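Asks: Pasting the sequence and the predicted coordinates here, then a few questions.
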Amino acid sequence: MGGEITYGKSEAREEIVGEEKMVVAQRRYTPAGVGGVFPPLMKVVVVGYALTSKKIKSFLQPQFERLARKKGILFVPIDLKRPLSDQGPFDIVLHKLSGKEWRRVLEDYGNANPEVTVLDPPDAIQQVYNRQSMLQDVADLNLSDVYGKVGVPKQLVIKKDPLSIPGAVNKSGLRLPIVAKPLFAKSHELSLAYDEFSLQKLEPPLVLQEFINHGMREILYGVFPPLPCRNLQGGVLFKVYIVGETIKVLRRFSLPDVSKRELSKSAGVYRFPRVSCAAASADEADLDPCVAELPPRPLLEKLAKELRRRLGLRLFNLDIIREHGTRDNYYVIDINYFPGYGKMPEYEHIFTDFLLSLVQSK
Ligand SMILES: Nc1ncnc2c1ncn2[C@@H]1O[C@H](COP(=O)(O)OP(=O)(O)OP(=O)(O)O)[C@@H](O)[C@H]1O
Ligand SMILES: O=P(O)(O)O[C@H]1[C@H](OP(=O)(O)O)[C@@H](OP(=O)(O)O)[C@@H](O)[C@@H](O)[C@@H]1OP(=O)(O)O
Ligand SMILES: [Mg+2]
Ligand SMILES: [Mg+2]
């Protein structure tokens with residue numbers, strides 16, 4: 001389809017792009033007999049996008065769009081007020097909008113235009129928008145090899161009655177402290193409950209998860225005596241960004257560990273409005289090497305490959321923590337669809353190559 005959209009010589013204009021002078025053409029759509037009139041100079045991959053303005057700002061950065069244009073990729077905003085089938089034609093549709101109506105529009109469009117790659121299928125995205133189903137594929141995978149083990153925290157779903165929470169927690173054997181997260185992953189408040197009684201203060205629908213300590217690794221203290229505490233901001237979390245077959249891992253600061261002593265002395269529920277975004281990058285921090293060490297590459301490769309297939313997604317990230325006191329016990333605590341790729345070094349090249357590979361493989 002994209003091959004049918006052609007640049008016409010008479011349409012071309014010059015523009016300064018970075019250091020280079022480039023011929024940038026006006027886009028021309030093939031239908032209505034336009035495309036055939038102009039001799040094709042370059043095949044263009046047209047990416048229609050439906051994103052929030054926040055996402056457009058963080059993702060479609062000018063240098064990214066420029067690089068994409070150089071490689072023959074054009075980003076075209078989708079007009080939500082007009083039928084999708086009247087727009088384009090697109091080679092790829094990139095989206096992160098929610099709502100039943102939008103899902104239906106995309107599904108109909110995907111069925112009617114099987115040659116267009118919809119990134120990603122709305123059904124598959126729904127699975128990770130609900131924290132009840134989000135981590136199910138990781139749990140089913142039960143990944144364990146020489147490089148380590150990957151699991152998910154024990155969790156419990158509470159749909160309605162807050163008064164039922166202490167009993168339900170007791171019955172399930174979930175251990176304190178407990179992290180409470182909104183059932184729907186678009187909401188990001190997080191609470192940490194230190195005692196059973198306080199759990200009644202939480203507001204369902206939510207998912208309760210065991211809190212996994214993921215700070216300094218005590219096991220190594222025998223070898224390296226504890227250093228003055230440099231990691232004051234808490235544990236470290238690994239953000240594993242996936243773009244098709246490519247994986248990039250970044251470090252972020254996370255919540256500090258809760259010791260047994262602290263747990264026995266504390267009570268109540270502590271609320272955090274948006275921990276993950278408030279947390280600073282830990283990539284440049286002076287961390288203890290054993291905390292900073294990234295999860296083994298082969299383990300991440302295997303995990304990403306399996307999850308891509310099982311989730312049916314190509315654009316997502318995983319929040320992974322390494323359990324305190326262990327060398328290779330990993331937990332996936334969160335999966336995000338189409339996360340903040342703008343924070344990923346070299347995302348411009350990774351993403352443009354990925355988009356081109358999608359069209360080539362067709
Ligand atoms: N089970 C857990 N054990 C330990 N720490 C946790 C656990 N769950 C969450 N956290 C901490 O709380 C933070 C927020 O949790 P989570 O990532 O699930 O929320 P989110 O709102 O979906 O985040 P994001 O902005 O990445 O979408 C994590 O980044 C981590 O620091
Ligand atoms: O805000 P950023 O662009 O950085 O991206 C964040 C993204 O927000 P946006 O899609 O609205 O932009 C969030 O999406 P929703 O859960 O709210 O849908 C979620 O995926 C975060 O995990 C992303 O942060 P990251 O995990 O990559 O650090
Ligand atoms: Mg997260
Ligand atoms: Mg999340």
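Replies: Thanks, I have it. Ligands and ions are numbered 1, 2, ... in the order given.

Asks: buried residues in stretch 295-310?
Replies: Going by neighbour count (16 or more other C-beta atoms under 10 Å), the buried part of stretch 295-310 is 295, 299, 300, 302, 303, 304, 306, 307, 308. C-beta here means a position set from N, CA and C on the backbone, and glycine is covered the same way.

Asks: Mind checking what secondary structure the third one has?
Replies: Translated: residue 300. helix (DSSP: H, G, I helix; E, B strand; the rest coil).

Asks: From residue 330, how far out is it?
Replies: 9 Å (C-beta to C-beta, to the nearest Å).

Asks: who in the stretch 201-350 of the chain is up against ligand 1?
Replies: 209, 211-212, 237, 254-255, 275-277, 319, 321, 333-334, 336 (C-beta under 6 Å from any ligand atom).

Asks: Swap in 5 Å and give it another go.
Replies: Counting by C-beta under 5 Å from any ligand atom, the residues of the stretch 201-350 of the chain close to ligand 1 are 209, 211, 212, 254, 255, 275, 276, 319, 333, 334, 336.

Asks: What separation is there between residue 74 and residue 149?
Replies: 44 Å.

Asks: When those two are compared, which one has more neighbours?
Replies: residue 74 (19 against 15; other C-beta atoms under 10 Å).

Asks: give the contact list for the more buried one.
Replies: By C-beta atoms under 8 Å, 6 or more residues apart in numbering, the residues touching residue 74 are 27, 44, 45, 46, 47, 68.

Asks: Mind checking which of those land in strands?
Replies: Among these, the members found in strands (DSSP state E) are 45, 46, 47.

Asks: Considering the contacts of residue 74, which is situated nearest to ligand 3?
Replies: Of all these, ligand 3 sits closest to residue 47, with 26.4 Å by C-beta to the ion.

Asks: what is the closest one paired to in the beta sheet?
Replies: Beta bridges link residue 47 to residue 75, residue 92, judged by DSSP bridges.

Asks: In this structure it contacts residue 71, no?
Replies: No. Using C-beta atoms under 8 Å, residue 47 is not in contact with residue 71; the gap is 11.5 Å.

Asks: which of the two has more neighbours?
Replies: Taking other C-beta under 10 Å, residue 47 and residue 71 do not tie; residue 47 has more neighbours (24 against 14).

Asks: mind listing what that one touches?
Replies: Going by C-beta under 8 Å, 6+ apart, residue 47 touches 68, 73, 74, 75, 76, 90, 91, 92, 93, 94, 355.

Asks: mind checking how far it is from ligand 2?
Replies: From residue 47 over to ligand 2 the distance is 17 Å, taken as C-beta to the nearest ligand atom, to the nearest Å.
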